[in-house]
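My questions are about this predicted structure, shown below with the sequence.
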Amino acid sequence: MAERKLSVKRLILFVFMPLVLLIGAAVGVMTSGLLKGDKPDEPPPPPKIDLTKLPGGYVDVPDLIINMRGADGSARLLIMQVTMHLELADSRPLVQAELPKVQSALILFLRKQDPDTLYTAASVEALRKQMEKLASDAVKPQKLIGLTIGRMQIR
């Protein structure tokens, strides 16, 4: 009987314990990510879009940099990035030729604005609508669908 007790202890010690340790080590290695390899997961490439088949076209106006005076006489600097959305993509070269005219009209308009009023969304939207009308007049007979303010900083 004593021999049987000893053989059960040996069975547990030499068979089951190493088996439990090996299973635990395997689970640890699998969950730690050591078996994935050196190459990190890469996202799939973005789909290719044929821009010539999209309706209209976009033209970026060079950054508008305007020195402004506040109501109290303090100097402010306005930096604005604007994009025009055209009805026809074919009119893009014609509009790009008119960019100095558009830029000049927008700068003259923005110089008259009070920089302290440009901190609310409603005033920026009203400003965008006025700028859209000015840009539309500057690029006629090309049709302008909209004007987007991409970035606006007041320093």
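Looks like it came in fine.

Now do the closest residue to residue 91 other than its chain neighbours, the pLDDT please.
Leaving aside its sequence neighbours, residue 91 sits nearest to residue 142 (Cβ to Cβ, 6 or more residues apart in numbering; 4.3 Å). In this view, the C-beta of every residue, glycine as well, is placed from N, C-alpha and C. Note on residue 142: pLDDT of 83.

I'd assumed residue 95 was in contact with residue 142.
Yes: assessed by Cβ atoms under 8 Å, residue 142 is found in contact with residue 95 at 5.4 Å.

residues contacting the residue nearest to residue 91?
Taking Cβ atoms under 8 Å, 6 or more residues apart in numbering, we find residue 142 in contact with 86-88, 91, 94-95, 98.

What ranges in this structure fall below the confidence cut-off?
Confidence mapping of the chain against pLDDT under 70 gives the ranges 1-6, 33-41, 50-55.

Domain-wise, how is it divided?
1-42, 51-154 (automatic domain parsing).
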